[in-house]
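A.B. asks: coordinates only, sequence not included:
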């Protein structure tokens, strides 16, 4: 399983709905992104009520700039339309799971 890839339009709809979830800003050439995405996909499978998606910064440069993305991967955790937290660069599965549980599991 892989994360659904969004365009700026889909991201804007997500923000307007004020949903809960995380978005990984990444690029196909990013080695750390290739490591992080399968972990996120596995975590997503265990949390069907949470939105997980990725945005290719190569295709959505304006959105990446708007969101202040300077390094990859950049995982932004959203809660009700606002940014709750952010993880920049390679990270462990444990860290990602802990943040998902902290922000989205009641």
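C.D. replies: Nice, I can see it. Values in this document were obtained by computation on a predicted structure and should not be read as measured data.

A.B. asks: residues in contact with residue 96?
C.D. replies: Applying C-beta atoms under 8 Å, 6 or more residues apart in numbering to residue 96 gives the contacts 36, 39-40, 43, 75, 87. (Each C-beta comes from the backbone N, C-alpha and C, glycine too.)

A.B. asks: can you check residue 14 too?
C.D. replies: Residue 14 sits in contact with 6, 21, 23, 51, 53, 78, where contact means C-beta under 8 Å, 6+ apart.

A.B. asks: can you do 10 Å?
C.D. replies: 6, 20-21, 23, 51, 53, 78, 81 (C-beta atoms under 10 Å, 6 or more residues apart in numbering).

A.B. asks: of those, buried ones?
C.D. replies: 6, 20-21, 23, 51, 53, 78 (16 or more other C-beta atoms under 10 Å).

A.B. asks: Please identify which two of those residues are farthest apart in space.
C.D. replies: Farthest-apart pair in the buried ones among the contacts of residue 14 is 6 and 20; separation 15.5 Å (C-beta to C-beta).

A.B. asks: on that earlier part again, would you mind giving the contacts of residue 96 as CSV with neighbour count, pLDDT and secondary structure added?
C.D. replies: Output for these, formatted as CSV (neighbours: other C-beta atoms under 10 Å; pLDDT from 0 to 100; DSSP: H, G, I helix; E, B strand; the rest coil):
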residue, neighbour count, pLDDT, secondary structure
36, 25, 96, helix
39, 16, 96, helix
40, 25, 97, helix
43, 18, 97, helix
75, 25, 98, strand
87, 18, 97, strand
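
A.B. asks: Max pairwise distance over those: which two?
C.D. replies: So, those by C-beta to C-beta: farthest apart are 43 and 87, at 12.4 Å.

A.B. asks: now the helices: where do they sit in this protein?
C.D. replies: 8-17, 31-45, 61-66, 93-104 (DSSP state H).

A.B. asks: which one of those helices lies closest to residue 2?
C.D. replies: Using C-beta to C-beta, the nearest of the helices of the chain to residue 2 is helix 31-45, at 5.5 Å.
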